[in-house]
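*Asks:* sequence isn't available, so here's the structure alone:
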């Protein structure tokens, strides 16, 4: 059963206002463009090689973002309830996405076109502030991920995940995807976990 639209829209508004205050008038400009989008397990929200037009807000379920090179998938991020998802590089540039975002469980998103968001940036200062603060949030997350991959050992990356990572990753994501995210094999992850325990 799909979540109700009013409740879903309220959750999205509460999330967006963590980045910038939105008046009722600001909010009303986005509401007509919101759509509930149920997704089956393994359905894709964004697909490598296709231009990504929509941004989503996860209402239910979990999602994995990954790159594919030479047939090998490399997990870069996980998304859970009350997070925004999207292939932002593709949406910003209009070029085909470099990533795939796949549902790891049945789920539902509240979606809206990225082009609408760009229009809102030009219309209202509150939306401009949201865009700037959200871009800063993404930049910080990207740098944290790069530092993790470039400077930390696999064991240190796992330790960082235990200490400051999203608890949803360890509690809900299958171990082979966690291993892929950390850049190790499942066997190596098992050894790291045993040493950590």
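*Replies:* Received it, and whenever you're ready, just let me know what you need. On a predicted model such as this, the values are computed, not experimentally measured, just so you know.
*Asks:* in this protein, where's the longest helix?
*Replies:* Selection of the longest helix in the chain by residue count, based on DSSP state H, yields helix 125-151.
*Asks:* do a quick rundown of the strands in the protein.
*Replies:* Ranges of strands in the chain, per DSSP state E, are 35-39, 44-46, 54-60, 63-69, 72-79, 84-85, 100-103, 107-113.
*Asks:* go ahead and name everything in contact with the last one.
*Replies:* What it means is strand 107-113. 2-3, 8-9, 11-12, 30, 33-39, 45, 53-63, 85 (C-beta atoms under 8 Å, 6 or more residues apart in numbering). C-beta here means a position set from N, CA and C on the backbone, and glycine is covered the same way.
*Asks:* give me the buried subset of those.
*Replies:* 8-9, 11-12, 30, 34, 37-39, 45, 53-63, 85 (16 or more other C-beta atoms under 10 Å).
*Asks:* quick revisit: go through the longest helix of the chain and flag the buried ones.
*Replies:* 126, 127, 130, 131, 134, 148.
*Asks:* other SSEs contacting that helix?
*Replies:* The helices and strands touching helix 125-151, judged by 3 or more C-beta pairs under 8 Å, 6 or more residues apart in numbering; DSSP states H and E, are helix 24-30, helix 114-123, helix 154-164.
*Asks:* report the beta-bridge partners for the residue nearest to the spatial centre of the chain.
*Replies:* The residue lying closest to the centre of the chain (C-alpha atoms, centre = their mean) is residue 85, at 3.6 Å. Beta bridges link residue 85 to residue 56, judged by DSSP bridges.
*Asks:* wait, residue 129 sits on residue 22?
*Replies:* No - using C-beta atoms under 8 Å as the test, residue 129 is too far from residue 22 to be in contact (9.3 Å).
*Asks:* how about the helices and strands packed on helix 125-151, which one is nearest residue 175?
*Replies:* Shortest distance between residue 175 and the helices and strands packed on helix 125-151, using C-beta to C-beta, is found for helix 154-164: 11.5 Å.
*Asks:* residues contacting residue 115?
*Replies:* By C-beta under 8 Å, 6+ apart, the neighbours of residue 115 are residue 53.
*Asks:* quick one on the thing from earlier: what's the least confident stretch among the helices and strands packed on helix 125-151?
*Replies:* With a mean of 91, helix 154-164 has the lowest mean pLDDT of those.
*Asks:* in that one, which residues are buried?
*Replies:* 154, 155, 157, 158, 161.
*Asks:* go on, stretch 173-193?
*Replies:* 173, 177, 178, 179, 180, 181, 182, 183, 184, 189, 192, 193.
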